[in-house]
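Trainee: sequence and predicted structure, then a few things I'm wondering about:
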Amino acid sequence: MCLSIPGKLIAITKELDEIFRVGKVSFDGIIKEVSLTLVPEAKVGDYVMVHVGAAISVVDEEEAKKTFDLLKQLGELHDLEDPQIN
């Protein structure tokens, strides 16, 4: 199943201009680099929904945490695992 996962934008790592940016997003401590092209309004500290390596929307912190907790309970966070560990 393909779904988006909420995470907290913790850093902007690459910035060609105000649109073409890449950032580090924390998913409960698991850090991934994601494209921020679709969310030019996103700033460090915001929560974003990430789908296939791209942030697709900025979301409310409370809703992001609820959604992440639900996905964790359902066991739907396997895409965050490092394949080298397993």
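Mentor: Received it, and whenever you're ready, just let me know what you need. Numbers count the residues shown, from 1 in each chain.
Trainee: strands of the chain, residue ranges please.
Mentor: Secondary structure of the chain by DSSP state E: the strands cover 5-15, 21-27, 30-35, 47-51, 54-59.
Trainee: run a quick neighbour tally on the closest residue to Glu41 other than its chain neighbours.
Mentor: Nearest residue to Glu41, sequence neighbours excluded (CB to CB, 6 or more residues apart in numbering): Val58, at 6.2 Å. In this view, the C-beta of every residue, glycine as well, is placed from N, C-alpha and C. By other CB atoms under 10 Å, the residues close to Val58 number 16.
Trainee: which ones are touching Val58?
Mentor: 39, 41-42, 46-48 (CB atoms under 8 Å, 6 or more residues apart in numbering).
Trainee: tell me the one among the residues you listed nearest to Leu3.
Mentor: Nearest to Leu3 among the contacts of Val58, counting by CB to CB, is Val48 at 14.1 Å.
Trainee: what about that closest one, distance to Glu63?
Mentor: 12 Å (CB to CB, to the nearest Å).
Trainee: Gly53 now?
Mentor: Applying CB to CB to Gly53 and Glu63 gives a distance of 21 Å.
Trainee: am I right that Leu38 is in contact with His51?
Mentor: No - using CB atoms under 8 Å, Leu38 makes no contact with His51, being 9.4 Å away.
Trainee: who is Ser35 paired with across the strands?
Mentor: Beta bridges link Ser35 to Val22, Ala54 when assigned by DSSP bridges.
Trainee: counting neighbours, what do you get for it?
Mentor: Count around Ser35 with other CB under 10 Å applied: 17.
Trainee: could you do the one 5 residues further on as well?
Mentor: A count of neighbours around Pro40, defined by other CB under 10 Å, yields 12.
Trainee: cool, Arg21 as well?
Mentor: 19.
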